[in-house]
Structure formats: C-alpha cells, structure tokens
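Student: Would you be able to build a 3D model of this:
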Amino acid sequence: MSEAKPIRFGYAQINTDEFAILSEVSGPVEGATVNVNMAFGFNKTDQVLAIQVKCVFLQQSKTLAVVAVSCLFRIFPEDWAALYEEATNKLTIPQITALHFASLTVSTARGVFHAKTEKHPINALILPPININDFIKGDLVLSGAEMTPAK
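Tutor: A predicted model of the protein is given here:
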C-alpha cells in the first residue's frame, strides 16, 4: 500500500443506473444473498473519477432485486495533476483513497436501495457491509475513460 496525501474532491453527480424489483416478496426474506460488482472509470476533461456499484439480490436461484449506482467524484485540479499522467492517459488513485471512494459509493447504493424500497416488503433486504478490500488490492490504475470492472 502506498502512502497517500489527502486528495480533495467533491461529488459531481450520483446516478441510479439500474433499479428493479424482479420478484414479489410477501413474507420474511430469509436466505437471501447479494452479488456485488464494482466498475471504475474516469473523464480527464472534467477531472472526474467514476465508480459504479451493482448489487443483485438473490434467494436460491431467483433474482429478487437489482440496484446499480454510480458516484462521480470531481477531483480538485491540483490533486488531479498529481494523479493523472497525460502521456499514458492513466489515472492512479492510491489504494487508501480508492477504498474511501468505493466505500462512499457502496454506502450511496445502500441508501438508494433503501429509499426506493421504502414501504415495500422487499425493504427487509438491506445491503450488508461489503469488504471493499476484496475489490481493490492495491493502487487503482485506470487507463482511458472507459468503466472497467474490478478484478
């Protein structure tokens, strides 16, 4: 893990990319699991880092619900200059900072799912704590501006 100086940023945008309740729930939701995927990208023109979290709630082999949320973080210009390499079109976010951005995005997805399911029986499903260390194993190095799935 590399040492990281604080990176100044603000939320540029929050998007609900996908939301669906795919199965009706009439009673307690027991034995449900959730699959979580994360994708990363950036826009060099706007100096924005994008992280998308997609959660698929399952019960046995039945898909109950899906939520995908993207958070776009605008990096302060002075800090962007330290992270972005023009010659290679690569953005490198130190691991500890990448984990922070990912945690904010997961928490946002949790809130979006709760708000969209309020007063619905499926609201009993809560996005559990996610170990984001499983998604980001070192510094986050992104090439180009496409969203890239986490490894």
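
Student: Contacts only, for the residue lying closest to Ser103 once chain neighbours are set aside.
Tutor: Distances taken as Cβ to Cβ, 6 or more residues apart in numbering put Ile132 closest to Ser103, at 5.7 Å, once the chain neighbours are dropped. C-beta coordinates here come from the backbone N, C-alpha and C atoms, glycine included. Contacts here follow Cβ atoms under 8 Å, 6 or more residues apart in numbering; on that basis Ile132 touches Met38, Leu99, Ala102, Ser103, Val106.

Student: In helices, which of those fall?
Tutor: Leu99, Ala102, Ser103, Val106 (DSSP state H).

Student: quick one: low-confidence parts of the protein?
Tutor: 1-4, 26-28, 145-151 (pLDDT under 70).

Student: now what about stretch 90-108, what contacts it?
Tutor: By Cβ under 8 Å, 6+ apart, the surrounding residues in contact with stretch 90-108 are 1-4, 7, 9, 14, 36, 38, 42, 44, 49, 51-53, 69-71, 73, 83-85, 127, 130, 132-133, 135-143.

Student: now the helices for this protein?
Tutor: For the chain, applying DSSP H gives helices covering 77-83, 95-117.

Student: Could you list the alpha-carbon positions for the longest one in PDB?
Tutor: Extracted in PDB, the C-alpha atoms of helix 95-117 (Å, rounded to 0.1, in the frame of the first residue of the first chain):
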ATOM      1  CA  GLN A  95      -5.200   2.400  -2.600                       C
ATOM      2  CA  ILE A  96      -6.400   4.000   0.600                       C
ATOM      3  CA  THR A  97      -8.100   6.800  -1.300                       C
ATOM      4  CA  ALA A  98      -9.600   4.300  -3.800                       C
ATOM      5  CA  LEU A  99     -11.000   2.400  -0.800                       C
ATOM      6  CA  HIS A 100     -12.600   5.600   0.500                       C
ATOM      7  CA  PHE A 101     -14.300   6.400  -2.800                       C
ATOM      8  CA  ALA A 102     -15.500   2.800  -3.100                       C
ATOM      9  CA  SER A 103     -16.900   2.900   0.400                       C
ATOM     10  CA  LEU A 104     -18.800   6.100  -0.300                       C
ATOM     11  CA  THR A 105     -20.300   4.500  -3.400                       C
ATOM     12  CA  VAL A 106     -21.400   1.400  -1.600                       C
ATOM     13  CA  SER A 107     -23.000   3.500   1.100                       C
ATOM     14  CA  THR A 108     -24.800   5.600  -1.500                       C
ATOM     15  CA  ALA A 109     -26.100   2.400  -3.200                       C
ATOM     16  CA  ARG A 110     -27.300   1.200   0.200                       C
ATOM     17  CA  GLY A 111     -29.200   4.400   0.700                       C
ATOM     18  CA  VAL A 112     -30.700   4.400  -2.800                       C
ATOM     19  CA  PHE A 113     -31.900   0.900  -2.400                       C
ATOM     20  CA  HIS A 114     -33.500   1.600   1.000                       C
ATOM     21  CA  ALA A 115     -35.200   4.800  -0.300                       C
ATOM     22  CA  LYS A 116     -36.600   3.100  -3.400                       C
ATOM     23  CA  THR A 117     -38.000   0.100  -1.500                       C
END
